[in-house]
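Q: All I have is the shape, not the residue letters:
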């Protein structure tokens with residue numbers, strides 16, 4: 001059974017930081033590209049960041065580039081999202097996901113992911 005469990009969300013003031021974690025099981029973690037997406041109330045799920053199987057390559061949405069950092073620990077089956085200089089517009093539920101597709105432009109799209117976690121709420125106050 002494939003499982004992803006996100007944690008680390010919470011309420012933070014603008015300019016603050018949070019570190020999200022996503023612990024996975026049920027798959028050979030190091031064989032999969034991983035991504036972080038977010039979904040604000042009333043909006044579609046949007047791409048935040050993705051990381052290659054080895055962690056040597058990353059993609060970021062323009063809106064978070066320079067502020068967020070995605071990383072992974074293949075020995076612990078975990079992917080992270082370090083979020084700095086948070087803004088109120090970063091408020092959303094954040095999800096991690098597995099994609100069975102390779103490292104390609106497809107990682108930007110939520111339909112490329114076949115398993116998701118339950119999400120963790122991030123709220124940034126102004």
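A: The structure has been received and is ready for your questions. Remember, it's a predicted structure, so these values are computed and weren't measured experimentally. Numbering: from 1, shown residues only.
Q: May I ask you to confirm that residue 11 is in contact with residue 91?
A: No. Residue 11 sits out of contact with residue 91 when judged by CB atoms under 8 Å, with a separation of 9.5 Å. (Glycine included, C-beta is placed from N, CA and C.)
Q: Now do the shared contacts for those two.
A: Shared contacts of residue 11 and residue 91 (CB atoms under 8 Å, 6 or more residues apart in numbering): 123, 124.
Q: got a list of what the spatially most central residue of the chain touches?
A: Among the residues of the chain, the one closest to the centroid is residue 36, at 2.0 Å (CA atoms, centre = their mean). With contact set as CB under 8 Å, 6+ apart, residue 36 has these partners: 20, 22, 48, 49, 50, 70, 79, 81, 94, 95, 96, 97.
Q: Correct me if wrong, but it is in a strand.
A: Yes. Per DSSP: H, G, I helix; E, B strand; the rest coil, residue 36 lies within a strand segment.
Q: any idea how far it lies from residue 5?
A: 14 Å (CB to CB, to the nearest Å).
Q: Give me the common contacts of those two.
A: Common contacts of residue 36 and residue 5 (CB under 8 Å, 6+ apart): residue 22.
Q: any low-confidence regions in the protein?
A: Counting by pLDDT under 70, the chain contains no low-confidence residues.
Q: how about residue 55, secondary structure?
A: Per three-state DSSP, residue 55 ends up coil.
Q: Dihedrals phi and psi, it?
A: The phi/psi pair for residue 55 (degrees, to the nearest 10) reads phi 90, psi 0.
Q: I'd guessed it sits against residue 75; true?
A: No. The criterion here is CB under 8 Å, and residue 55 misses it with residue 75 at 11.4 Å.
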